[in-house]
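Asks: next one to model:
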Amino acid sequence: MQPQDVAPRHAPRSASVDAEQAEAALVEHYPRLVRLAYLVLPPSLGRHRRALTAHSLAQRSLPRGRGAGDDCVPPPRRADGRDPGYVYLRGRVLTAALEAAAPRRWTAWPKRAQLPPVLPLVWGLRLFPRCGGADELALEQRLSGLSGPARAAYVLRGLERLDDGEVLRALRAAGVADPKAALARAAGAGAQFELLASAEFDPCALQARPTDLVRRRRRTRAALAATAAVVVCGALLALPDGGLGGDGAAGPSYARNAVSEQALQPARLGRVAAFAWKTSARIDFSAWPTRGDRAGDTALLRRALAVWARPGDTVQVSATPGTPAGPPMGAPQLLYAGTVDDAVVVLFYDGLRVVRYAESKDGGAAAALDFARVDGADEAASDALVVGRTDGNVRYLTAPWVRNVDVRDLLTPKGVTLPLRRTADGVTDPVRSPDTSRSCASWNALTMQDGAGKHLVTDLGELTPARLVSGPPGRPHDVTGAADRASWAHTACLLPAVRSHGVRAVNSWQFATQQLPEANGGAAWLCTRAETWRGTGSRVLAEFLTPGGKPSAPGAVVARAEDSPACGTRQPRALAGVLWKSRGGHWYVLAAGSRQITSLATTGEATGSTVGRLLAVPAKQGAQAQLSGRLVDGTRVTSLR
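Replies: Below you'll find the predicted structure:
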């Protein structure tokens, strides 16, 4: 049996391909043909429809008669003797996949390959290949940025191992107008050809998940109700006088939902004037003016509202934790509608949420819908929204009261800031997203100056950037001083732990310093707390910084907690401990508390106590100890864990 990643070879040569040869090639090499179609099809179809379409194209590649007729092809010219039956089917599959990838024209009938496949047919399930790793995801993103012919050229080179001459001949046979340009674009997408054989791109090894069960039940009930209504109306119309009876011209027995209708009408969207924020009693998202070069595009706004009310299967919906993703309760406020890079973006605000709708600029069927909770936002929290992400870069839409925006790398606390340009509508130039990999080479943050001062914010993968502050709970302040920047240089690379959790603000403050035993220098204790928009789900980290490290070296995380009041306004104190080894090879249990702690004690395999908020007790390697402290009033407290 031939391996899947090697093109079929060593078949007898013939002058044409008949149906029997094609059938034999299809049975033997069906998985390879389906993979070829899946890779060439546009990713905008969605993984479910893309997989089914790939199977449909492979199954429709057989000739209709006993011979190939006008579609027959000569055997390949290379001396390696590839199976002419497979080459024939590959050409038909490639042609059909390119037709499916071609843009739809409203002035012409769609081609068969552009229509949803009739067979295979799947009810009640979503099928998609198994997910790969980061390399496969990166390759998928690069392929999605190529045109259909360029994707085909890349696949023919990487999966079929064809040379450039064979690729050009195959593209010309498939009807590509400019195969050389397609080959040149494919060459610029890298050469990670071995990834094309991975499970990420294997539509023959599929995972099954149910469709939206809640929506399916609702549609079933709605269909039954509609059927019953048709039956009742038909029966009433069959009665004398049309079924009106003695009520005459009385109105129907149901009332139309005016609120829902208003929410879906572009003409009733809330729009704020350009300078209304200067006299507004509130400075938040409700004071944002309507901006963007597509703010008057009624068709775009109607599509965005319709997708918001009832997103289809091709819409990618995301919501920060605790954010309802339902339709608007009334007519929302339009913040922005315009073109951002390769997408058309619309931003709405309904008093509770900011909603981002995005569709392809070239009119593709795919769309994205993102929800973020922003209730209770103040001026600083309303300074910016993420309006677009492309190729590892992010663009922001800033509030009209933001005067200046600068970019700073948190890992270089003494580095200079770079001014960030904005358009007249407030859209920034692209900013490199923070490096969330394990190397964490850089972490960009923005300094935004508004009427209340300068605020430091960073991207944590959501619509709203998170505000970064320093200082004890109850008295946090913006990161402006050298000491605060130095502290954040050690904390920035720990922020991926709170990424995509609906974070509103992150406070990192130094609650203690300690002289280490055996004259090993001074250490610092930090507590970092991430607050969410929903109030619950906060995350707390305790860090221990030893001397001699790089300014950007992250601290050692000695304790973690979730949904804990520690280091917050309700419990403005911190207590943490760590097992530490000195340069002389001796082990100690070290502990430190904030100013509210008056005494410390440790029990277990290392015992000791002290009056004050710093403790160092000799211990053995791997010792297990329990740490506790006392407050001024004698209340016993335990360490963060």
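Asks: domain map for this structure?
Replies: Domain assignment of the chain by automatic domain parsing yields the ranges 19-210, 263-377, 401-638.
Asks: and those as CSV, adding mean neighbour count, mean pLDDT and distance to R389?
Replies: C-beta here means a position set from N, CA and C on the backbone, and glycine is covered the same way. Formatted as CSV, the domains of the chain follow (neighbours: other Cβ atoms under 10 Å; pLDDT from 0 to 100; distance: least, Cβ to Cβ, whole Å):
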stretch, mean neighbour count, mean pLDDT, distance to R389
domain 19-210, 18, 75, 11
domain 263-377, 18, 92, 9
domain 401-638, 18, 94, 7
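Asks: quick one: E543 from R504, how far?
Replies: To R504, E543 is 21 Å away according to Cβ to Cβ, to the nearest Å.
Asks: got a markdown table for the domains of the chain, with distance to T390 too?
Replies: Output for the domains of the chain, formatted as a markdown table (distance: least, Cβ to Cβ, whole Å):
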| stretch | distance to T390 |
| --- | --- |
| domain 19-210 | 9 |
| domain 263-377 | 5 |
| domain 401-638 | 7 |
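Asks: check which helix or strand covers the residue most central in space within the chain.
Replies: Geometric centre of the chain, nearest residue: G461, 7.0 Å, by Cα atoms, centre = their mean. G461 is part of no helix or strand, with elements assigned from DSSP states H and E.
Asks: please report how far it lies from R403.
Replies: Taking Cβ to Cβ, one finds G461 at 27 Å from R403.
Asks: so what's A482 closest to, chain neighbours aside?
Replies: Nearest non-adjacent residue to A482, counting by Cβ to Cβ, 6 or more residues apart in numbering: P413, 6.9 Å away.
Asks: could you export stretch 177-197 as CSV, CA atoms only?
Replies: Written as CSV, here are the backbone C-alpha positions of stretch 177-197 (Å, rounded to 0.1, in the frame of the first residue of the first chain):
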residue,chain,number,x,y,z
ALA,A,177,-4.8,32.8,-16.4
ASP,A,178,-1.4,33.7,-15.0
PRO,A,179,0.3,30.5,-13.6
LYS,A,180,3.7,32.2,-13.3
ALA,A,181,2.4,34.8,-10.9
ALA,A,182,0.6,32.1,-8.8
LEU,A,183,3.9,30.2,-8.6
ALA,A,184,5.8,33.3,-7.5
ARG,A,185,3.3,34.1,-4.8
ALA,A,186,3.4,30.5,-3.6
ALA,A,187,7.2,30.6,-3.4
GLY,A,188,6.9,33.5,-0.9
ALA,A,189,4.8,31.5,1.5
GLY,A,190,7.7,29.5,2.9
ALA,A,191,8.6,25.9,2.3
GLN,A,192,7.1,23.9,5.2
PHE,A,193,5.9,21.2,2.9
GLU,A,194,6.1,18.4,5.4
LEU,A,195,3.2,20.0,7.3
LEU,A,196,0.9,19.5,4.4
ALA,A,197,0.8,15.8,5.3
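Asks: could you measure from Q515 over to D135?
Replies: 47 Å.
Asks: ok, A592 next?
Replies: Taken as Cβ to Cβ, the span from A592 to D135 is 42 Å.
Asks: now do the strands in the stretch 251-400 of the chain.
Replies: 315-319, 333-340, 343-349, 353-360, 367-373, 384-390, 393-398 (DSSP state E, counting those that start in this stretch).
Asks: of those, which approaches T635 most closely?
Replies: With Cβ to Cβ as the criterion, T635 lies closest to strand 367-373 of those, at 34.8 Å.
Asks: who are the packing partners of the closest one?
Replies: helix 298-309, strand 315-319, strand 353-360 (3 or more Cβ pairs under 8 Å, 6 or more residues apart in numbering; DSSP states H and E).
Asks: of the ones you listed, which approaches A19 most closely?
Replies: Nearest of the helices and strands packed on strand 367-373 (Cβ to Cβ): strand 353-360, 40.0 Å.
Asks: quick check: angle from that closest one to strand 367-373?
Replies: Interaxial angle, strand 353-360 versus strand 367-373 (axes from the mean of the first three to the mean of the last three Cα atoms, to 10 degrees): 160 degrees.
Asks: just the angle between strand 353-360 and strand 333-340, please?
Replies: Using the same axes, to 10 degrees: strand 353-360 against strand 333-340 is 30 degrees.
Asks: contact partners of strand 353-360?
Replies: Residues outside strand 353-360 that contact it (Cβ atoms under 8 Å, 6 or more residues apart in numbering): 44, 285, 303-304, 307-308, 323-324, 332, 335, 342-349, 366-375, 385-388, 463-464.
Asks: that strand versus strand 384-390: what angle between them?
Replies: Using the same axes, to 10 degrees: strand 353-360 against strand 384-390 is 20 degrees.
Asks: would you list the phi and psi of G292?
Replies: phi 110, psi 150 (degrees, to the nearest 10).
Asks: separation between the closest residue in space to it that isn't next to it in sequence and F348?
Replies: In space, and not counting its chain neighbours, G292 is closest to G338: 3.2 Å by Cβ to Cβ, 6+ apart. Per Cβ to Cβ, G338 is found 14 Å from F348.
Asks: what of S44?
Replies: 23 Å.
Asks: please apply the same query to D362.
Replies: 23 Å.
Asks: which residue ranges form the helices in the chain?
Replies: Using DSSP state H, the helices of the chain run over residues 19-40, 47-59, 84-101, 134-144, 148-158, 164-173, 179-187, 213-238, 258-263, 298-309, 482-491.
Asks: now do the contacts for A592.
Replies: A592 touches 511-512, 514, 525, 575-577, 613-615, counting by Cβ under 8 Å, 6+ apart.
Asks: can you add distance to A54 and give the residues you listed back as JSON lines?
Replies: Below are the contacts of A592 laid out as JSON lines (distance: Cβ to Cβ, whole Å):
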{"residue": "F511", "distance to A54": "57"}
{"residue": "A512", "distance to A54": "60"}
{"residue": "Q514", "distance to A54": "62"}
{"residue": "W525", "distance to A54": "56"}
{"residue": "L575", "distance to A54": "58"}
{"residue": "A576", "distance to A54": "54"}
{"residue": "G577", "distance to A54": "57"}
{"residue": "R613", "distance to A54": "65"}
{"residue": "L614", "distance to A54": "65"}
{"residue": "L615", "distance to A54": "64"}
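Asks: restricted to strands, list the residues you listed.
Replies: Mapping those onto strands (DSSP state E) picks out 511-512, 514, 525, 575-577, 614-615.
Asks: for V407, name its beta-bridge partners.
Replies: L418, L446 (DSSP bridges).
Asks: L418 is in contact with that one, correct?
Replies: Yes. Proximity of V407 to L418 meets the contact threshold set by Cβ atoms under 8 Å, at 4.8 Å.
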